[in-house]
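> With the input below, show me the fold.
(one chain, ligands or ions: 1)
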Amino acid sequence: MKFFLDTANLKEIQEAHDLGVLDGVTTNPSLMAKEGITGKQTILEHYKAICAIVEGDVSAEVVSTDSAGMLREAEELINIDPKIVVKIPMIKEGIKTIKALSDRGIKTNCTLVFSAGQALLAAKAGATYVSPFVGRLDDISMDGIQLIAQIITIYRNYGFKTQVLAASVRHPVHILKCAELGADVVTCPLNAITALLNHPLTDSGLAKFLADYNKGNQ
Ligand code: E4P
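Numbers count the residues shown, from 1 in each chain. Have a look, this model is predicted:
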């Protein structure tokens, strides 16, 4: 399973990269704004900075809602770096755009997916990734993990190549549930990944080992 970081924060991206577990990055306009990155030129420059750190795919989101506009934006985005994946919202114009880009071999990530029907359409259009939002479904008392399971079953039934990128993943249990189901990718904040490190028996076991070792060195 690939680990993508869901952030525009360069320090966190560098930290995940240095940890050795970073496979890619996803961003969205809200994550950019959170880092104070606003204005088209600044945003494009920021993608360049992200791509300089990351070795894998970097999702960059379009903000047009018509296919012609999305295609224009896609051209600008893919010129930044070959790692750029064009992130496109799950709307009718988005599906048209995904189909046009995938026919040209350009990587896409279909975002804002909240149902299996939407995921089926994204795969039919040839999306490289589909991004079902786990946490946001949980937020409204629906089962985000159940949606991941449903999409994986459907894709396996037909051999769709679209990768299931579990998005809006908020904590380590989300990551583990996605791993059990066989999701191709999870995208989440750094603290959800580093939380996987923690176990009280690791801490107490290490403390005891070090204390015992030091007995011979006093
Ligand atoms: C998807 O790629 C989105 O950027 C993201 O995962 C949304 O997460 P949130 O629901 O925590 O904002």
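
> and the residue sitting nearest the centre point of the chain, how far is that from the ligand?
Closest to where the C-alpha atoms of the chain average out (C-alpha atoms, centre = their mean) is Thr187, at 3.3 Å. Relative to the ligand, Thr187 is positioned 5 Å away (C-beta to the nearest ligand atom, to the nearest Å). Any C-beta I mention is one placed from the backbone N, CA and C, and that applies to glycine too.

> On the three-state scheme, that residue is what?
strand (DSSP: H, G, I helix; E, B strand; the rest coil).

> Return the residues in contact with it.
Thr187 is in contact with Phe4, Leu5, Asp6, Gly24, Thr26, Ser131, Leu165, Ala166, Ala167, Val169, counting by C-beta atoms under 8 Å, 6 or more residues apart in numbering.

> rerun that using 7 Å as the cut-off
Phe4, Asp6, Thr26, Leu165, Ala167, Val169 (C-beta atoms under 7 Å, 6 or more residues apart in numbering).

> out of those, who's nearest Leu44?
Thr26 (16.7 Å; C-beta to C-beta).

> what is Asp6 paired to in the beta sheet?
With DSSP bridges as the criterion, Asp6 is bridged to Thr26.

> For burial, what's the neighbour tally of it?
22 (other C-beta atoms under 10 Å).

> Thought Cys188 was touching it, still the case?
Yes: if you go by C-beta atoms under 7 Å, Asp6 and Cys188 touch, sitting 5.5 Å apart.

> in the helix or strand containing Ile152, what counts as buried?
Here Ile152 is covered by helix 144-158, with elements defined by DSSP states H and E. For helix 144-158, the neighbour count (16 or more other C-beta atoms under 10 Å) marks Gly144, Ile145, Leu147, Ile148, Ala149, Gln150, Ile151, Ile152, Ile154, Tyr155 as buried.

> from these, which is closest to the ligand?
Using C-beta to the nearest ligand atom, Gly144 comes nearest to the ligand of the buried residues of helix 144-158, at 9.7 Å.

> surely that closest one meets Ser131?
No: assessed by C-beta under 7 Å, Gly144 is found out of contact with Ser131, at 11.8 Å.

> hang on, the earlier thing: return the list of helices and strands in contact with the helix holding Ile152.
The contact analysis (3 or more C-beta pairs under 7 Å, 6 or more residues apart in numbering; DSSP states H and E) places helix 144-158 against helix 116-125, strand 129-132, helix 134-139, strand 163-166, helix 172-181.
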